[in-house]
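A.B. asks: okay, structure incoming, though there's no sequence with it:
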C-alpha cells in the first residue's frame, strides 16, 4: 500500500510544475541535497517510473527520486510516524476525515523546494491519498483497496 501512494505521488509530481517554495522549505531542500552528496551510505534502487537513492538525514530515512529519462531530481520524501506529524497537519486531516484512520504519512519536497504533506487514510474498503497544504486537505488520489 505504501508503494502505491508513493508511486502515485511521484508520477503526478514529476508531471506538475510548482513555483516558489518558502525559505524553510528551500533550506531543507538544500540540506537534503548536501547530505545526499556527502553520504557514504546511499542505497540505490529502480522501478519502471523512477530511480531512488535512500539515505539518512537527522536519523530519518529519506528517499531522493530521479526521472528515468534524464536523471533529473524529482524531489525528496521523508516518511513520518503518525505521532511525528505537525499538529496543524493532524488537525487538518481530522477536520475533514475524522472517521478515517491515517495509515501512512510523508513530507515531499519537490525540485523547486516546495514542501507538501501527504497522508494515506483508510475507512472500510476505501483508501485515499490526501494532500495537506496550508491547513487545507484535498484528495490527491483514490487508491485501490488491497
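C.D. replies: The structure has been received and is ready for your questions. Everything quoted here is computed from the prediction, not taken from an experiment.

A.B. asks: for residue 60, see how far away the residue positioned nearest the centre of the chain is.
C.D. replies: For the chain, the residue nearest the mean C-alpha position is residue 108 (3.2 Å; C-alpha atoms, centre = their mean). Noted for residue 108: a distance of 14 Å to residue 60, by C-beta to C-beta, to the nearest Å. Placement of C-beta: from N, CA and C, glycine included.

A.B. asks: hmm, back to that, the residue nearest to the centre of the chain pairs with what?
C.D. replies: On the basis of DSSP bridges, residue 108 is bridged to residue 77, residue 116.

A.B. asks: let me see the mean pLDDT of the longest helix belonging to the chain.
C.D. replies: Using DSSP state H, we find that the single longest helix of the chain is helix 23-38. Mean pLDDT, computed over helix 23-38, is 89.

A.B. asks: what's the answer for stretch 86-106, then?
C.D. replies: 93.

A.B. asks: which residues touch it?
C.D. replies: Stretch 86-106 is contacted from outside by 1-2, 5-6, 9, 77-80, 82, 85, 117-123, 127-128, 130, 132, 135-137, using C-beta atoms under 8 Å, 6 or more residues apart in numbering.

A.B. asks: next one, pLDDT for the spatially most distant residue from the centre of the chain please.
C.D. replies: In the chain, the residue that sits farthest from the middle, by C-alpha atoms, centre = their mean, is residue 124; the gap is 24.1 Å. Note on residue 124: pLDDT of 92.

A.B. asks: okay, it and residue 100: tell me how far apart.
C.D. replies: Distance, residue 124 to residue 100, by C-beta to C-beta: 9 Å.

A.B. asks: ok, now residue 70?
C.D. replies: 38 Å.
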